[in-house]
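>>> Provided below for reference: sequence and predicted model.
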Amino acid sequence: MPREAFDKSKRLLTQQVFQKVFDKASYRVADRHFLILACPNLSGHARLGLVIGKKNIRLSVHRNRIKRVARETFRHHQHSFAGIDIIFLARRGLDKVPKSAFSSTLSQAWVQLALNTK
RNA sequence: GGAGUCGGCCGAGCAGUCGCUAUCGCGUUUACUCGAAUUAUCCAUUAGUGGACAUUCGGGGGCGCGGUGGAGGAAAGUCCGGGCUCCACAGGGCAGAGUGCCAGGUAACGCCUGGGAGGCGCGAGCCUACGGAAAGUGCCGCAGAAAAUAUACCGCCUAAGCAGUUCGCUGCCGGUAAGGGUGAAAUGGUGCGGUAAGAGCGCACCGCGCGGCUGGCAACAGGCGUGGCAGGGUAAACCCCACUCGGAGCAAGACCAAAUAGGAACCUAUUGGCGCGGCCCGCGUUGGGUUCGGGUAGGUCGCUCGAGGUGCAUGGCGACAUGUAUCCCAGAUGAAUGACUGUUCUCGACAGAACCCGGCUUACAGGCCGGCUCCUUUU
């Protein structure tokens, strides 16, 4: 079983990389409360970036909770992806979804994305 | 036991597995990087050395394993006050903003403590923007006669003066503000005297103003004398008085610094390249190297040991101060502090550090401890 670590090499770190994914998003998975964009990279593994605006999710406690769920589910699914850069965007109302429901729908979304990018 | 009031504290616990981040230790990585030493070999040499490679050691970085730490009482709102940093600054004034009973605490405050005054509560206690209305200006809806120069709606009176008279009184001229009514507020209140009726007109007490005295650092309180009484409210209306205040903020600010473009200095080429041209001459244009400064991406620092926490002692009614012992308690940066499983209970609220402190304000499931007050019951 491969390790499910999630250190800085698995994250998007700079403005330029974010902009590249926004410009050349070749895959997308949408839900009522969130949107996932992705494009291929050369690193051989998947990398995740999170965009959770204060405008859409007002309280910082809720923003932190969404980030943690997103990172945790990504961590468990990361080995099903090819080398892609992924951006997760939160939409308005995501803070109203219960944590367990959000976690399961997001897991399904990761499976969907993995099938699309194979 | 019930009701209330004040102050302090807590903000689910335990176990296992998988993660993130910081730090410490050990190991590992020389095709990650820097520095030092060594001698063998090779290259260059202006004969001083310089460079390459190898070995050893040390520092940083990466990776692995293990240990340890890892959100709050409000981390929040950003409403005040300071530290820190950069900029500005001879001194003084104006403008602007803020504060506003007194004393103390503090780095400072609009905060805190103690005291005073006024108001609320049976009480413990609580509340108060609480300087000046006799510097000037403005405003005061509705109601009411009248809202500030005072005035007279309903009333009360008929002593004096005039007129009439049926000799009972009536009218005029007047007096008055006690009573009624309006209002948040109407020229001080109660009582007695006084009077035609009344009125600080006179007196007593209270209130108010002024001047000593006593107590208190002071705010203020008490008491004495004195004046018949000045004079509505509003200063979170302008204003006056006293005191305080330079500006911007960690995206502050400091340092390192790739690529690309441009700049400066020096060296070098001018027998070079490109254009005009058939070619030469000629003319125009241009290069290469080294160094330097500015500076972008990016990175490092600032960054957490501090007006610090806890215990004890001393001083103080207290806020707090001083001394001493002891502890190290997040430091991220696309931004960590979490997830899953099991289990227990009272079934878990408001809510997430971003340079750091001191306050205030606002949000909050539930729980614990202590002081005091009132009511009730029992012995």
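Nice, I can see it. Numbering: from 1, shown residues only, chains lettered A, B, ... in the order given.

>>> Please, which helix or strand holds the spatially most central residue of chain A?
Centroid check for chain A by C-alpha atoms, centre = their mean gives residue A:88 as the closest residue, at 3.6 Å. According to DSSP states H and E, residue A:88 maps onto strand A:84-90.

>>> Return the alpha-carbon coordinates of the next helix or strand after that strand using PDB.
With elements assigned by DSSP H and E, the helix or strand that comes after strand A:84-90 is helix A:99-117. Presented in PDB, the C-alpha positions along helix A:99-117 are these (Å, rounded to 0.1, in the frame of the first residue of the first chain):
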ATOM      1  CA  LYS A  99     -19.600  17.500   7.100                       C
ATOM      2  CA  SER A 100     -20.300  13.800   6.500                       C
ATOM      3  CA  ALA A 101     -22.500  14.600   3.400                       C
ATOM      4  CA  PHE A 102     -19.900  16.900   2.000                       C
ATOM      5  CA  SER A 103     -17.200  14.300   2.600                       C
ATOM      6  CA  SER A 104     -19.000  11.500   0.800                       C
ATOM      7  CA  THR A 105     -20.100  13.600  -2.200                       C
ATOM      8  CA  LEU A 106     -16.500  15.000  -2.600                       C
ATOM      9  CA  SER A 107     -15.200  11.400  -2.500                       C
ATOM     10  CA  GLN A 108     -17.500  10.500  -5.400                       C
ATOM     11  CA  ALA A 109     -16.300  13.600  -7.200                       C
ATOM     12  CA  TRP A 110     -12.600  12.400  -6.900                       C
ATOM     13  CA  VAL A 111     -13.600   9.000  -8.300                       C
ATOM     14  CA  GLN A 112     -15.300  10.800 -11.200                       C
ATOM     15  CA  LEU A 113     -12.300  13.000 -11.900                       C
ATOM     16  CA  ALA A 114     -10.000  10.000 -11.800                       C
ATOM     17  CA  LEU A 115     -12.100   8.200 -14.500                       C
ATOM     18  CA  ASN A 116     -12.200  11.300 -16.600                       C
ATOM     19  CA  THR A 117      -8.400  11.800 -16.500                       C
END
